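S.K.: pasting the structure only:
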């Protein structure tokens, strides 16, 4: 099956030496932008995520299917001399190489940055790892598991209820942010190459990426020395700005200014709160949140989520709110449907299946590569023929 979109990266070839999550997520985004992504997999098992399950669709892992759409798969034994020759030939014909091996692994098979950048000066060589390729040796060579990175970044300490243990985010945010920053760096390197004619290394640390997301939490600590702590769904600097429990579920409430709070207090039947000096400004509400929130929560528990959504959406109230949805409900949200974020594609063994689309829209259209995630080695013969090589 051929990709159905050219996209802004049409004509860019990506040699994808990644596996598991951070790297494959990055290269899928590049494929959505129109790049020809060639995924190199080991003989027999391929990418580890092919075995991540259940669930499976037929013999295919839903995990693998979710992050490898838009690519072609070639099986290469990189431990063999023939396989290494194939990889080096592919590198010479690629614009971008993306890898997420431990430091030193690709050097041993002649595919490290130093060796390839000398031979192919236009090649952009992007590496994703837990802790980067520069810095303390003990971390440069350490495995980059998402849970470890989330823990070291401070994210786990900020996630969860105040009286409970820290927890990881519900998705592998360290891997995914690493993939996003990798694409960011690659696009910048491609633009720079247009001016200089030379490629360069893009070095992405998952730890760096997650720490960059601390933003206002890091700013608070750096400015005051006070260590931020877990607050559940509450916001440390805005109140009320959190989830509340209704008669039949949960509701997110976002009062971003004093006017919104005054209108909220009125519809809750607590108009006196709007004139109470303790709650008159956001700063005062944050200071006295432990007094304020029980008063609000009691009222929300008296009616259903649907009731409050209707009340808060009235033009004369206009307090931002949203239901807390399950993954299934979220994927069926009408705004996602309207923007085409759920797409239907055809896989060679699974058949018709649905997939999450690409969130980037250009020219009014979503960038989306309709080529399904490949079967292991599906394009080996085709790619070797393009390279003028025999099977390996």
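M.R.: All right, it came through fine. A quick note: this is a predicted structure, and the numbers were derived from the prediction, not measured. Numbering: from 1, shown residues only.

S.K.: so what are the domain limits for the protein?
M.R.: 13-213+333-387, 241-245+250-323 (automatic domain parsing).

S.K.: got the buried residues for the helix ranked longest in the chain?
M.R.: For the chain, the helix that runs over the most residues, judged by DSSP state H, is helix 173-196. Counting neighbours by 16 or more other C-beta atoms under 10 Å, one finds that the buried residues in helix 173-196 are 173-183, 185-187, 189-190, 193. Using the backbone N, CA and C atoms, a C-beta is placed for each residue, glycine as well.

S.K.: Name the residues that touch that helix?
M.R.: Under the criterion C-beta atoms under 8 Å, 6 or more residues apart in numbering, residues 9, 12, 20-26, 29-30, 95-96, 98, 122, 124, 126, 128, 130, 144, 146, 149-150, 153, 155, 199-200, 202, 204-210, 213 lie in contact with helix 173-196.

S.K.: Give me the average confidence score over it.
M.R.: Over the span of helix 173-196, the pLDDT mean works out to 98.

S.K.: ditto for stretch 51-65
M.R.: Stretch 51-65 comes out at a mean pLDDT of 95.

S.K.: gap between the two ends of it?
M.R.: In stretch 51-65, first residue to last residue: 11 Å (C-alpha to C-alpha, to the nearest Å).

S.K.: from the chain's centre, how far out does the longest helix of the chain sit?
M.R.: The chain centre lies 14 Å from the centre of helix 173-196; the measure is C-alpha atoms, centre = their mean, to the nearest Å.

S.K.: Toward the C-terminus, what is the element adjacent to that helix?
M.R.: Heading C-terminal from helix 173-196, the first helix or strand you meet, by DSSP states H and E, is strand 201-205.

S.K.: Please tell me how far residue 33 sits from residue 14.
M.R.: Distance of residue 33 to residue 14, given as C-beta to C-beta, to the nearest Å: 10 Å.

S.K.: which other helices and strands contact the lowest-mean-pLDDT helix or strand in the chain?
M.R.: Within the chain, no helix or strand scores below strand 365-366, which has a mean of 88 by mean pLDDT, DSSP states H and E. If contacts are counted by 3 or more C-beta pairs under 8 Å, 6 or more residues apart in numbering; DSSP states H and E, strand 365-366 sits against no helix or strand.

S.K.: Flag every buried residue along the following helix or strand past it.
M.R.: Remark: after strand 365-366, the chain's next helix or strand is helix 380-387, criterion DSSP H and E. Buried residues in helix 380-387, defined by neighbour count with 16+ other C-beta under 10 Å: 380, 383, 384.

S.K.: Pick the one among those residues closest to residue 265.
M.R.: Closest approach to residue 265 among those (C-beta to C-beta): residue 383, at 64.4 Å.

S.K.: Make JSON lines from the buried residues of helix 380-387 and add distance to residue 60 and pLDDT to it.
M.R.: Formatted as JSON lines, these follow (distance: C-beta to C-beta, whole Å; pLDDT from 0 to 100):
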{"residue": "380", "distance to residue 60": "18", "pLDDT": "96"}
{"residue": "383", "distance to residue 60": "21", "pLDDT": "95"}
{"residue": "384", "distance to residue 60": "24", "pLDDT": "94"}
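
S.K.: Next, format the residues you listed as CSV and append distance to residue 302.
M.R.: Shown next, in CSV, are the buried residues of helix 380-387 (distance: C-beta to C-beta, whole Å):
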residue, distance to residue 302
380, 63
383, 63
384, 68
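
S.K.: returning to that earlier point: now do the least confident helix or strand of the chain: distance to the chain's middle.
M.R.: Strand 365-366 sits 19 Å away from the centroid of its parent chain (C-alpha atoms, centre = their mean).

S.K.: ok, and what's touching it?
M.R.: Contacts for strand 365-366 (C-beta under 8 Å, 6+ apart): 339, 340, 341, 357, 358, 359, 360.

S.K.: That strand pairs with which strands, parallel or anti?
M.R.: Sheet partners assigned to strand 365-366 using DSSP bridges are listed as strand 361-362 (antiparallel).

S.K.: tell me the average confidence for the partner strand?
M.R.: Mean pLDDT, strand 361-362: 92.

S.K.: how about the strands of the stretch 101-250 of the chain, start to end?
M.R.: Here the stretch 101-250 of the chain has its strands, by DSSP state E, counting those that start in this stretch, at 124-129, 201-205, 241-245, 250-254.

S.K.: highest average neighbour count across those?
M.R.: strand 124-129 (a mean of 27; mean count of other C-beta atoms under 10 Å).

S.K.: counting contacts, what elements does it pack onto?
M.R.: Here strand 124-129 touches helix 22-32, strand 96-99, helix 113-119, helix 173-196, strand 201-205, going by 3+ C-beta pairs under 8 Å, 6+ apart.

S.K.: Tell me the spacing between the residue of the chain most remote from its centre and residue 89.
M.R.: Most distant from the centre of the chain: residue 272, at 43.7 Å, with distances by C-alpha atoms, centre = their mean. Using C-beta to C-beta, residue 272 is found at 76 Å from residue 89.

S.K.: Residues touching stretch 343-353, excluding its own?
M.R.: Stretch 343-353 has contacts (C-beta under 8 Å, 6+ apart) with 1, 57-60, 65, 69, 354-357, 368, 370-373, 375, 378.

S.K.: still on that earlier bit, which pLDDT value goes with the residue farthest from the centre of the chain?
M.R.: For residue 272, the model assigns a pLDDT of 95.

S.K.: picking up where we left off before, residue 265 is nearest to which of the helices and strands packed on strand 124-129?
M.R.: Closest of the helices and strands packed on strand 124-129 to residue 265 is helix 173-196, at 35.0 Å (criterion: C-beta to C-beta).

S.K.: quick check: angle from the closest one to strand 124-129?
M.R.: On the basis of axes from the mean of the first three to the mean of the last three C-alpha atoms, to 10 degrees, helix 173-196 is oriented at 160 degrees to strand 124-129.

S.K.: Before I go, just wanted to say thanks for your time.
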